[in-house]
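J.: Next come a sequence and a model predicted from it.
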Amino acid sequence: MARNHIWGALLAGGLAAASAPGAIAADLPAYPIKAPPAAQAFNWSGLYVGGHAGYAWSGKDWFVSTMFGPRLQSHVDVDGALAGGQIGFNQQFGHLVLGVEGELAWTGLRGSSFMPFGPFSLTFADRADWLATVTGRAGFAVDRWLVYVRTGAAWARERHSEVEVTPVGTLALDATQTRAGWIVGGGVEWAFTASWSVRLAYDYIDFGQRRIDLTGTFAGNPLLLTYDIQQKVQLATVGVNYRFWQGPASSGSMAPLTAAFNWTGLYIGGHIGHGWGRKSWDVDVAPSYRVSGILGGGQLGFNAQHGQMVFGVEGDVSAANIDGSTTFLTSSINPNDTTNTLSSRIDWLGTMTGRLGFAVDRWLVYSKVGAAWAHERHAIAASLPGSAAALDGREWRSGFTAGGGIEVALLDQWSLKAEYDYVNFGKSGVALTGAFAGAGGPLPVGPISAAELIRQDLHLVKLGVNYHFNSAAPTVIAKY
């Protein structure tokens with residue numbers, strides 16, 4: 001009987017304790033609970049080395065001094081592959097990455113221009129054996145992605161030569177020089193492991209106009225000719241970097257990246273549009289003329305969003321049919337009027353730009369600036385009683401572009417954009433070759449060549465669509 005009272009008391013006490021959990025919790029000692037560690041964004045700080053390979057192209061203008069001032073003697077298009085290595089150091093401050101980098105590359109950059117004139121001919125040739133750069137870099141990082149720009153100094157080791165064939169002998173001259181200039185460019189880099197990253201970059205190098213003396217012999221006698229050679233180079237490279245160690249954590253805090261729509265990530269798309277502008281030949285009596293036409297192509301880019309600011313890089317290429325011509329009369333050859341027709345056509349356009357935009361949810365307003373190039377065809381047709389001359393030539397031109405646009409994300413991964421761009425190619429030379437035709441006229445029958453300076457600018461309007469590989473969910477990097 002007593003045993004039953006004991007078990008009843010224990011059961012009653014247990015029920016009472018179960019009905020008062022707060023009392024038990026209050027009597028237990030308090031132990032701190034450690035939060036799980038925060039995920040760390042990738043740290044770009046530290047020393048790195050790597051290699052790169054790519055393609056380079058350029059146009060060289062040879063000028064000779066005359067009593068009337070500099071005159072274009074020849075234009076030489078050069079291009080070729082390049083490969084080399086780089087070493088650099090980055091330091092990250094929040095999303096900002098600052099660094100310095102040095103590069104050295106072997107190049108196969110070379111080209112020549114053949115200019116016949118009856119029984120005479122001139123051949124101008126250029127080559128670059130190596131390129132070197134030292135640049136400062138500034139970039140914007142979002143975890144393992146880095147978008148950067150850079151600028152600094154550049155050097156090249158070059159060789160120049162001229163061969164002139166005449167009925168009485170051959171003249172051969174050459175010279176070697178190391179040229180210095182400046183470089184500006186940018187790219188995007190992705191760290192696919194803790195130590196390895198891959199990058200895609202574009203650079204523009206301007207070596208300015210430099211005087212050089214070419215030496216050689218003619219009929220056994222020493223000879224020296226002086227030219228002013230203008231040089232600009234464009235590079236497109238892909239590279240890989242290895243980081244020996246990562247530096248200390250960035251001193252800046254990683255502020256939250258929040259937005260209703262996330263523009264960060266890689267995208268690809270297409271566009272169509274219309275272009276117009278003016279051509280001016282460096283000929284006193286030749287009027288400038290309008291060129292216009294359609295274009296269409298594709299673009300590839302990468303955006304990095306920080307709050308409502310969107311930083312990015314973009315490259316695009318377009319097939320085009322932008323052309324025009326002018327016809328005028330001149331009496332510079334003989335008393336009879338000569339009918340002259342100048343014509344031009346742009347069949348390819350390309351740009352590599354940096355972008356800066358402001359996002360409001362699915363709307364993005366942006367500006368862009370960078371480098372541009374075009375492939376063009378030019379022709380001269382001249383006719384007078386009994387004779388005619390026809391010359392043509394092709395060239396790659398380089399210049400700069402600036403513009404802006406507006407983009408709206410219609411779906412989670414699709415966006416539509418409208419854009420305007422201004423392109424200025426400045427003044428550069430083109431080599432033209434052809435022939436005289438027509439017996440009995442004042443001009444001889446046979447091959448002919450010329451080098452002309454042509455100035456070009458363009459206005460472009462484009463409509464495009466982009467596919468974004470990232471999801472539309474906002475990217476948030478929490479601050480700890």
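T.: Nice, I can see it.

J.: now the stretch 251-400 of the chain, which segments are flagged as low pLDDT?
T.: By pLDDT under 70, the low-scoring segments of the stretch 251-400 of the chain are 251-259, 283-285, 330-337, 386.

J.: now the strands for it?
T.: Shown for the stretch 251-400 of the chain, the strands assigned by DSSP state E, counting those that start in this stretch span residues 265-281, 289-306, 309-330, 338-360, 363-384, 387-409.

J.: Dump the first one to CSV, keeping only the CA atoms.
T.: In this case it means strand 265-281. What follows is strand 265-281, C-alpha atoms only, in CSV (Å, rounded to 0.1, in the frame of the first residue of the first chain):
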residue,chain,number,x,y,z
GLY,A,265,26.8,37.6,-65.2
LEU,A,266,27.7,36.6,-68.7
TYR,A,267,25.4,37.4,-71.6
ILE,A,268,25.3,36.9,-75.4
GLY,A,269,23.0,38.5,-78.0
GLY,A,270,22.4,39.9,-81.4
HIS,A,271,21.6,43.3,-82.9
ILE,A,272,20.5,45.1,-86.1
GLY,A,273,20.8,48.8,-87.0
HIS,A,274,21.7,51.6,-89.3
GLY,A,275,24.9,53.6,-89.7
TRP,A,276,25.7,56.9,-91.4
GLY,A,277,28.7,59.3,-91.5
ARG,A,278,31.1,61.3,-93.8
LYS,A,279,34.3,60.4,-95.7
SER,A,280,36.9,63.0,-96.5
TRP,A,281,39.9,62.2,-98.7
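
J.: Buried ones in that strand, by neighbour count?
T.: By 16 or more other C-beta atoms under 10 Å, the buried positions in strand 265-281 come out as 265, 267, 269, 271, 273, 275, 277, 279-281. From N, CA and C alone the C-beta is placed, and that goes for glycine too.

J.: Any chance of those residues in JSON lines with distance to Gly393 as columns?
T.: Listed next are the buried residues of strand 265-281 as JSON lines, based on distance: C-beta to C-beta, whole Å:
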{"residue": "Gly265", "distance to Gly393": "43"}
{"residue": "Tyr267", "distance to Gly393": "37"}
{"residue": "Gly269", "distance to Gly393": "34"}
{"residue": "His271", "distance to Gly393": "29"}
{"residue": "Gly273", "distance to Gly393": "27"}
{"residue": "Gly275", "distance to Gly393": "21"}
{"residue": "Gly277", "distance to Gly393": "19"}
{"residue": "Lys279", "distance to Gly393": "14"}
{"residue": "Ser280", "distance to Gly393": "17"}
{"residue": "Trp281", "distance to Gly393": "12"}
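
J.: ok, back up a step: with distance to Gly102 as new columns, can the strands of the stretch 251-400 of the chain be given to me in JSON lines?
T.: Formatted as JSON lines, the strands of the stretch 251-400 of the chain follow (distance: least, C-beta to C-beta, whole Å):
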{"stretch": "strand 265-281", "distance to Gly102": "28"}
{"stretch": "strand 289-306", "distance to Gly102": "25"}
{"stretch": "strand 309-330", "distance to Gly102": "22"}
{"stretch": "strand 338-360", "distance to Gly102": "22"}
{"stretch": "strand 363-384", "distance to Gly102": "22"}
{"stretch": "strand 387-409", "distance to Gly102": "24"}
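
J.: how about these, which one is nearest Glu162?
T.: For Glu162, the closest of the strands of the stretch 251-400 of the chain is strand 387-409, at 18.9 Å, according to C-beta to C-beta.

J.: Given the closest one, what are its sheet partners and their directions?
T.: strand 363-384 (antiparallel), strand 414-437 (antiparallel) (DSSP bridges).

J.: Check which helices and strands the strand or helix carrying Leu72 sits against.
T.: In this assignment (DSSP states H and E), Leu72 forms part of strand 69-93. Counting contacts by 3 or more C-beta pairs under 8 Å, 6 or more residues apart in numbering; DSSP states H and E, strand 69-93 is packed against strand 46-66, strand 96-117, strand 120-142, strand 221-243, strand 387-409, strand 414-437, strand 446-468.

J.: quick one, which of those strands is nearest to Ala83?
T.: Nearest of the helices and strands packed on strand 69-93 (C-beta to C-beta): strand 46-66, 4.4 Å.

J.: picking up where we left off before, closest to Tyr242 out of the strands of the stretch 251-400 of the chain?
T.: Among these, strand 289-306 sits nearest to Tyr242 (C-beta to C-beta), with 21.9 Å.

J.: Strand 265-281 and the closest one, what's the angle between them?
T.: Interaxial angle of strand 289-306 relative to strand 265-281 (axes from the mean of the first three to the mean of the last three C-alpha atoms, to 10 degrees): 160 degrees.

J.: Give me the buried positions along strand 289-306.
T.: 289, 291, 295, 297, 299, 301-306.

J.: Just put these in CSV and tack on distance to Gln73.
T.: CSV is the format used below for the buried residues of strand 289-306 (distance: C-beta to C-beta, whole Å):
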residue, distance to Gln73
Tyr289, 25
Val291, 26
Leu295, 33
Gly297, 35
Gln299, 38
Gly301, 41
Phe302, 43
Asn303, 46
Ala304, 47
Gln305, 51
His306, 51
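
J.: circling back to that earlier point, could you dump the strands paired with strand 387-409 into a markdown table with mean neighbour count added?
T.: Output for those, formatted as a markdown table (neighbours: other C-beta atoms under 10 Å):
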| stretch | mean neighbour count |
| --- | --- |
| strand 363-384 | 19 |
| strand 414-437 | 18 |
